[in-house]
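Participant: pasting the structure only:
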C-alpha cells in the first residue's frame, strides 16, 4: 500500500489543523505503518526536575498514532481517539528531546490500533509505552 | 481513616509544587477515598471547535488521582504514575469547564489505584473514563 | 429506556449461545445500564492456593459487560470485545464466589463502554477493576 | 545479562507450579527479554465458530510475560499481574494454534512491564496486542 501522505504533507497538515501544538512536534520519518515523531522539548513540557510531564508524553503518543493513520488513509479523515493505555516505565532524561517510534497494528474500516515506544533522545531503554485506538468516522 | 489533607492543604500543595499547572485546577471536594476536581477551561486547553483536548483530560484525571492519594497519605509522598488507561466516550461540550469525580480503589504500601469519570459541567453523561496506577516510593 | 432482556431472558441466551461457559455464571440482577453477575467458583477456576485465576476474572468482567449491553439492545447483536483494561488489586478470598458489579457508561451506535468492580463474596474491598469496549456490528 | 532459565527449565517450572494449565502452552523460544509461547488450541479454548476465546488469549499473554520475567530473574519470584491492557484486533483463524511473541520492556526492582503480539499460526497480521505489569515481591 502506497503512503497517502509523506513527511512534508503530514507536517503541512499538522501546521494547518493543529497550529496550537504543531511547533511541539517534528515528524522525522514515515513508512508503511511506521512513523517517528520528535517532541521538541520546551519549558512548558517539563515538571520540577526538568523531566517531561505525563500529559506531554500522552500528547506525543496520541499525535504519533494519529499521523501514522493519516499517512495511510490521507488527510480527509476526522479520526478521534477512543482509548489509550500508557505505561510510564522510567524517568525521562532531563531537558532531552523525546523520540516516539509508532507502528500501526490494525487499520480497519471503523477502528485503527497503534502502539508506541517513547525514548529520551540518546537513551536505549524506553521511557514509556502506549497503545491507542482511533475511531474512523464512516463519512470518509 | 482521617484525611491527611483537606481542600485548603491540597490547594496550597498544588500551588507550591506544581505552579505551572495549579491555575488550571480547582479542588472542589474531598472525602475518604473521594475527590472532585474542576478543570478551569481556558483557550490553551482547547482543540479546534472549542472542545477540551485529550492531553488536557489525561492531565485532569492524573492530577485528580494524585491529589486523592495525597489526601489520604499526606504531602510527603513522591508518588509517580505508572499506568493510565483512558476511554474517550463523548465529545466534550464546547467551552464548558470539566468536572472530574475520582475514587481511590486501592491504597497499598507500594501501589495505589484510582479511577475517574470526567464530565462537561452540567451534562449527565460522562465524557471520559480513566483508571490510573501510582507507585509509592518506599522512603515515605 | 426499557430493558430489552431481563434476568430470565439473559440466562436463556447465555445457555443457548455459550453452553461451554454458561454454568460458570449466574446473573443476579439487571437494571438500566447495570448488571450483577456471580462467578460460581469451581476447581477449574482456581490457582494454587485456592484463589480465582486472572483469566477467570477477565472472563467474568467480559461476560458481564456483554450481558449488560444485551440487556439494553436485545439478543440480536453480535458484539465483540475490542479492548479490556484490568487492574488486579487484591488477592481473592480462597474458594469464595466472585461478584461482578457492572455498569454501562456509553452505548453508542458503533461502540459501547462498560466498567466493573469484582469482589470476593462477602468482602468490602474490590479484588479487581476492569473496563471494556465492545464493537457493535452495523447489521443489527 | 545471562538468562536465569532456558526453555527446558521454564517448561519444568510450568509443569510443577501450574499443572492445571501447563498442557495448554509450549515454550518455543527464549532470549534476553524475549519469549515465544504456543497455545496448543483444544476444544476448551474455543468459542462458537471455532475461534479462540478472549479469556484464553488473555491467559496466553499473561503466562508469556510471566515466563519472560522468570527467564531473567529465575524461579524464585512470586510475581503477580497487577494490570493488563489488551486489544482484540482481528478474529483468530478457526482451529489454528496461536503464537505469542513477548518482550520485556522494563524489569525493575518492584515492577516489570512486558508486551505481546498474538498471532494465529501462519497469519502475518496480529490477532491481539497486550501489555502487562507484574509486581515483584520484595522478598526475592
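Facilitator: Noted; the coordinates are in hand. What you see is a predicted model; the values in this text were computed from it and never measured. Numbering: from 1, shown residues only, chains lettered A, B, ... in the order given.

Participant: does any bit of stretch A:63-74 sit next to chain D?
Facilitator: No. Stretch A:63-74 stays clear of chain D (Cβ under 8 Å from any Cβ of the partner chain), getting no nearer than 12.2 Å. Every C-beta, even on glycine, is put in place using the N, C-alpha and C of the backbone.

Participant: How is the residue lying closest to residue A:34 once chain neighbours are set aside classified with respect to secondary structure?
Facilitator: Nearest residue to residue A:34, sequence neighbours excluded (Cβ to Cβ, 6 or more residues apart in numbering or on different chains): residue A:103, at 5.5 Å. The three-state label given to residue A:103 by DSSP: H, G, I helix; E, B strand; the rest coil is strand.

Participant: how about the residues of chain A near chain C?
Facilitator: For chain A, the contact set with chain C under Cβ under 8 Å from any Cβ comprises A:82, A:83, A:85, A:110, A:111, A:133, A:135.

Participant: How is the residue in chain A that chain C sits nearest to assigned, secondary-structure-wise?
Facilitator: For chain A and chain C, the shortest gap (Cβ to the nearest Cβ) falls at residue A:83, measuring 5.3 Å. What three-state DSSP gives for residue A:83 is strand.

Participant: Near it, how many other residues are there?
Facilitator: Each residue near residue A:83 was counted by other Cβ atoms under 10 Å in any protein chain shown, and the total is 26.

Participant: Listing partners with orientation, what would you give for the worst-scoring helix or strand of chain A on mean pLDDT?
Facilitator: Scoring the helices and strands of chain A by mean pLDDT, DSSP states H and E places strand A:46-47 at the bottom, with a mean of 89. Counting by DSSP bridges, the strands paired with strand A:46-47 are strand A:51-52 (antiparallel).

Participant: just checking, next helix/strand downstream of the strand it pairs with?
Facilitator: The helix or strand immediately downstream of strand A:51-52 is helix A:54-73, counting by DSSP states H and E.

Participant: Residue A:127: neighbouring residues, count only.
Facilitator: By other Cβ under 10 Å, 24 other residues sit near residue A:127.

Participant: Point me to the residue of chain A nearest chain D.
Facilitator: Of all residues in chain A, residue A:85 sits closest to chain D, at 3.6 Å by Cβ to the nearest Cβ.

Participant: contacting residues around that residue?
Facilitator: By Cβ atoms under 8 Å, 6 or more residues apart in numbering or on different chains, the contact set of residue A:85 is A:130, A:131, A:132, B:83, B:84, B:85, B:86, C:85, D:85, D:131.

Participant: and the closest residue to residue A:86 other than its chain neighbours, what does it touch?
Facilitator: Of all residues not flanking residue A:86 in the chain, residue A:130 sits nearest, at 4.2 Å (Cβ to Cβ, 6+ apart). Counting by Cβ under 8 Å, 6+ apart, residue A:130 touches A:57, A:58, A:61, A:84, A:85, A:86, A:87, A:115, A:116, A:118.

Participant: For residue C:126, see how far away the residue of chain A closest to chain D is.
Facilitator: In this view, residue A:85 and residue C:126 are 20 Å apart by Cβ to Cβ, to the nearest Å.

Participant: can you give me the helices in chain A?
Facilitator: Applying DSSP state H to chain A gives helices spanning A:7-17, A:54-73.

Participant: packing partners for the shortest one?
Facilitator: Spelled out, it's helix A:7-17. Judged by 3 or more Cβ pairs under 8 Å, 6 or more residues apart in numbering or on different chains; DSSP states H and E, the packing partners of helix A:7-17 are strand A:25-31, helix A:54-73.

Participant: mind checking which of the ones you listed is nearest chain B?
Facilitator: In terms of Cβ to the nearest Cβ, the element of these nearest to chain B is helix A:54-73, at 3.9 Å.

Participant: how many neighbours does the residue nearest to residue A:34 have?
Facilitator: Residue A:103, neighbours per other Cβ under 10 Å, totals 17.

Participant: and it, what does it touch?
Facilitator: Contacts of residue A:103 (Cβ under 8 Å, 6+ apart): A:33, A:34, A:68, A:114, A:115, A:116.

Participant: Contacts only, for the fifth one.
Facilitator: Contact partners of residue A:115, counting by Cβ under 8 Å, 6+ apart, are A:65, A:102, A:103, A:105, A:129, A:130, A:131, A:132, D:115, D:129.

Participant: Show me which of these are buried.
Facilitator: Among these, those buried by neighbour count (16 or more other Cβ atoms under 10 Å in any protein chain shown) are A:65, A:102, A:103, A:105, A:129, A:130, A:131, A:132, D:115, D:129.

Participant: So for the most centrally placed residue in chain A, what's the nearest residue that isn't a sequence neighbour?
Facilitator: Chain A has residue A:64 as the residue nearest its centroid, 1.5 Å off, counting by Cα atoms, centre = their mean. Distances taken as Cβ to Cβ, 6+ apart place residue A:102 nearest to residue A:64, at 4.0 Å, with adjacent residues excluded.

Participant: Tell me who's in contact with that neighbour.
Facilitator: Applying Cβ under 8 Å, 6+ apart, we find residue A:102 in contact with A:34, A:35, A:36, A:37, A:61, A:64, A:65, A:67, A:68, A:114, A:115, A:116.

Participant: quick one: the fourth one from residue A:25, how far?
Facilitator: Between residue A:37 and residue A:25 the distance is 5 Å, computed by Cβ to Cβ.

Participant: and if you look at the last one?
Facilitator: As defined by Cβ to Cβ, residue A:116 lies at a distance of 13 Å from residue A:25.

Participant: higher neighbour count, the two?
Facilitator: residue A:116 (26 against 21).
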